[in-house]
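Colleague: Any chance you could fold what I've pasted below:
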Amino acid sequence: MVRFSGVSGELRVGYQKAARLTSWKLEDKIVEARLDPQSVSWFWLERRPLDLYLDVGRHKWKWRGVDLVTDQGHAKIILHGEREK
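Modeller: Numbering: from 1, shown residues only. As a prediction, the model looks like this:
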């Protein structure tokens, strides 16, 4: 079981920022996160493919083509496949 947590990350569509994450928790293939309300672009969050970038120390972990469910500033992000290296 993989478990990590952090305080920053992003959801992107290509080079467009859809939302900034202010905190997140990764467990297995699910990320529970809080969205920064001032950074959310609903236009871009509804577009696909949606990519996830998590800041882990000095590194950025990236997954392509994630699924997203949002509820009042919280996000559940389902990861598919392995993270890019």
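
Colleague: would you list every one of the helices in this structure?
Modeller: Assigned by DSSP state H, the helices in the chain fall at 42-45.

Colleague: okay, which residue is most central for it?
Modeller: residue 52 (4.0 Å; CA atoms, centre = their mean).

Colleague: That one reaches residue 78, doesn't it?
Modeller: No - taking contacts as CB atoms under 8 Å, residue 52 lies outside contact range of residue 78: 9.9 Å. Heads up, the C-betas are built off the backbone N, CA and C, glycines and all.

Colleague: Overlap in contacts, the two.
Modeller: residue 66 (CB atoms under 8 Å, 6 or more residues apart in numbering).

Colleague: Please report the number of neighbouring residues for residue 50.
Modeller: Around residue 50 sit 21 other residues, with neighbours defined as other CB atoms under 10 Å.

Colleague: which residues does it contact?
Modeller: Applying CB under 8 Å, 6+ apart, the residues contacting residue 50 are 11, 12, 13, 18, 65, 66, 67, 68.

Colleague: Report how many residues lie close to the closest residue to the third one other than its chain neighbours.
Modeller: In space, not counting the residues next to it along the chain, residue 13 is nearest to residue 47; the distance is 4.6 Å by CB to CB, 6 or more residues apart in numbering. Using other CB under 10 Å, residue 47 has 14 neighbouring residues.

Colleague: what about residue 47, distance to residue 12?
Modeller: In this view, residue 47 and residue 12 are 10 Å apart by CB to CB, to the nearest Å.

Colleague: Residue 56 too?
Modeller: 16 Å.

Colleague: Let me see the confidence value for the residue nearest to residue 66 when sequence neighbours are not counted.
Modeller: Of all residues not flanking residue 66 in the chain, residue 52 sits nearest, at 4.7 Å (CB to CB, 6+ apart). Per-residue confidence at residue 52 stands at 98 (pLDDT).
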